[in-house]
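Asker: test case, fold it:
(one chain, ligands or ions: 1)
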Amino acid sequence: MDIERALRERDYLISDGAMGTMLQARGLRVGACPELWNAERPDDVLAVHTAYIEAGAELLTTNSFGGSRHKLAQYGAECRADELNAKAVEIARRAAGGDAAVVGSIGPLGVLLEPYGDLTAEDAAALYGAHAEALASAGADALLFETFYDAAELAIAVKSASGLGVPALATMTFDSGGRTMMGTSPAQAWEAVAGLGLLAFGANCSTGPDEMLPIIEALRAAGAGALIAQPNAGLPETAPDGTTVYGQSPESFGEYAPAFVAAGCKIVGGCCGSTPPHIRSIRAALQGGE
Ligand SMILES: [Zn+2]
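Answerer: Next up, the predicted model:
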């Protein structure tokens, strides 16, 4: 899919929901490396993508959120980065067929950059650039820099991919107080990324749709154009056994979709805890039926 054209011509595109929590439901241990499943359990990854296609998703996000060499090194798998990212794109493409777009997921490195931490901007750019190139050369239709909380790090990441000829999308994660973990407001976030040439920018993860809607409205008020909303299925709660659960029903989740589109969202989907029924509910709310 030509995402740039689709975003221009269509009122909105429906993206998929969670991958990590879906793989956990298929047996991925909490704390295990999801990207290794691209090689070891590809049928499970494919099944999640296929379920989202059947639910109405038009953008599939690859199972590569933690596919940077830096993140994979935590599992001793850094030398498999290119292979695991390429497989992530191949599996998503198999489910997408010719209709849906394959969006290469790139998450933050998970460490603070200088001056707050040890990682230099140059090292970060090299890591992001390699991750982006692996996904782009495997044929991703676009890259999605997602769940960022540091606007400066996001800018480094997006710039590192600017020469690859693949369009970029990005989301940042704002808590229910309306700021990122670094204290960045939606207006400050937009100011930091406005000149990066992103096809669309928005918010994902951390909160449910109810808390995310004002963040989207604040981004719009700050001047952001095409927006992305990918909330969690409600606020996370800790179950008696210590696991994290997301309790918002698909019906309640989908009810927010028209408000997101009215607020300027061109891409609406879900993050942690959302499932194919949540995406189906978005489609029903936007298109009627079911
Ligand atoms: Zn999430």
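Asker: so residue 146 touches residue 66, yeah?
Answerer: No. Counting by C-beta atoms under 8 Å, residue 146 does not reach residue 66; the two are 11.3 Å apart. From N, CA and C alone the C-beta is placed, and that goes for glycine too.
Asker: what is in contact with those two at once?
Answerer: Common contacts of residue 146 and residue 66, defined by C-beta atoms under 8 Å, 6 or more residues apart in numbering, comprise residue 107.
Asker: number of residues surrounding the closest residue to residue 246 other than its chain neighbours?
Answerer: Of all residues not flanking residue 246 in the chain, residue 273 sits nearest, at 2.4 Å (C-beta to C-beta, 6 or more residues apart in numbering). By the criterion of other C-beta atoms under 10 Å, residue 273 has 26 neighbours.
Asker: and what of residue 254?
Answerer: Counted with other C-beta under 10 Å, the neighbours of residue 254 add up to 24.
Asker: begin at 517 from here
Answerer: Got it, the first residue is 517 from now on, which makes the last one we talked about residue 770.
Asker: need the per-residue pLDDT for the residue nearest to it when sequence neighbours are not counted.
Answerer: Distance criterion C-beta to C-beta, 6+ apart; nearest residue to residue 770, sequence neighbours excluded, is residue 797 at 2.8 Å. Note for residue 797: predicted pLDDT of 98.
Asker: also the one 4 residues further on?
Answerer: If you check residue 801, the pLDDT there is 98.
Asker: next: residue 805.
Answerer: For residue 805, the model assigns a pLDDT of 52.
Asker: still on that earlier bit, surely the residue nearest to residue 770 and residue 774 touch.
Answerer: No. In this structure, residue 797 is not within contact of residue 774 by C-beta under 8 Å, at 11.7 Å.
Asker: quick one, which of those two is more surrounded?
Answerer: Using other C-beta under 10 Å as the criterion, residue 797 and residue 774 rank with residue 797 on top: 25 against 15.
Asker: wait, what's in contact with the one residue in the stretch 617-766 of the chain that gets nearest to the ion?
Answerer: Closest approach between the stretch 617-766 of the chain and the ion, counting by C-beta to the ion: residue 721, at 3.2 Å. Residues counted as contacts of residue 721 (C-beta under 8 Å, 6+ apart) are 662, 663, 687, 689, 746, 747, 748, 787, 788.
Asker: I'd like the distance between it and residue 745.
Answerer: 11 Å (C-beta to C-beta, to the nearest Å).
Asker: now swap in residue 756 and tell me
Answerer: For residue 756, the distance to residue 745 - C-beta to C-beta - is 31 Å.
Asker: look at these two and report which has more neighbours.
Answerer: Under the criterion of other C-beta under 10 Å, the comparison of residue 756 against residue 745 puts residue 745 first, with 31 against 6.
Asker: mind checking the SS state of residue 745?
Answerer: Here residue 745 is recorded as strand under DSSP: H, G, I helix; E, B strand; the rest coil.
Asker: ok, the residue of the stretch 617-766 of the chain closest to the ion to residue 664 distance?
Answerer: 10 Å.
Asker: shared neighbours, these two?
Answerer: Common contacts of residue 721 and residue 664 (C-beta under 8 Å, 6+ apart): 687, 689.
Asker: now do the contacts for the most centrally placed residue in the chain.
Answerer: In the chain, the residue lying closest to the centroid (C-alpha atoms, centre = their mean) is residue 662, at 4.4 Å. Contacts for residue 662 (C-beta under 8 Å, 6+ apart) come out as 577, 581, 621, 622, 623, 686, 687, 720, 721, 746.
Asker: now residue 530, what's its secondary structure?
Answerer: Three-state assignment for residue 530 (three-state DSSP): strand.
Asker: I'd guessed it sits against residue 795; true?
Answerer: Yes. With contacts counted by C-beta under 8 Å, residue 530 reaches residue 795, the gap being 6.5 Å.
Asker: looking at these two, which is more packed in?
Answerer: Neighbour count, other C-beta under 10 Å: between residue 530 and residue 795, residue 795 has more, with 30 against 23.
Asker: so which strand or helix has that one?
Answerer: Using DSSP states H and E, residue 795 falls within helix 792-803.
Asker: other SSEs contacting that helix?
Answerer: Under the contact definition 3 or more C-beta pairs under 8 Å, 6 or more residues apart in numbering; DSSP states H and E, helix 792-803 sits against strand 529-530, helix 558-571, helix 766-770, helix 773-778.
Asker: same thing but at 10 Å, please
Answerer: strand 529-530, helix 558-571, helix 766-770, helix 773-778, strand 781-784 (3 or more C-beta pairs under 10 Å, 6 or more residues apart in numbering; DSSP states H and E).
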